[in-house]
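Undergrad: this is a predicted model, with the sequence first.
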Amino acid sequence: MTSTFRAFLNSPVGPKTTHFWGPVANWGFVIAGLVDMKKPPEMISGNMTSAMCVYSALFMRFAWMVQPRNYLLLACHASNETVQLYQLSRWAQAQGYLSAKKEEDKTQ
C-alpha cells in the first residue's frame, strides 16, 4: 500500500470511521430525491420535503463545525438541500402557492 492510501485509511475521516460511512449512506437521500423528480408533483409531501430541507441545512452546519471538518458530509447535505428545495418548489407550484403572482399580473 502506498503511504497516501494508508494515511487516508487511518485518517479521522477515513473509511474506518462513521465520519466516512455516515455521509456515504446519506447519499441515498440525494439519489431518492433525484429519482422523485420524474414523479408528478401531486405525490410530493410538502411536510416531509420541508423537514428534509431543515435536516440538511442543520447537518450542513454540523459538517462545517465538527472537528475534523467533514467535507464529504457537507457536500452530501448541500446536494440534498438543492434537490429538496427544487422538490419543494414543485410542490408549492402544484399547490398554487407560486402561481398567485401570475394571476395578479393577468388582472392588471
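TA: Everything's here; your move. Numbering: from 1, shown residues only.
Undergrad: phi first, then psi, for the residue nearest the centre of the chain.
TA: Centroid check for the chain by C-alpha atoms, centre = their mean gives Asn80 as the closest residue, at 1.2 Å. Taking degrees, to the nearest 10, you get phi -70, psi -40 for the backbone angles of Asn80.
Undergrad: helix or strand: which one has the residue nearest to it when sequence neighbours are not counted?
TA: For Asn80, ignoring the flanking residues on the chain, the nearest one in space by C-beta to C-beta, 6 or more residues apart in numbering is Ser56 at 4.4 Å. In short, each C-beta sits where N, CA and C put it, glycine included. Per DSSP states H and E: Ser56 is located in helix 46-65.
Undergrad: mind listing what the nearest residue to Met43 once chain neighbours are set aside touches?
TA: Nearest residue to Met43, sequence neighbours excluded (C-beta to C-beta, 6+ apart): Asp36, at 7.9 Å. By C-beta atoms under 8 Å, 6 or more residues apart in numbering, the contact set of Asp36 is 43-44, 87.
Undergrad: alright, that wraps it up for me.
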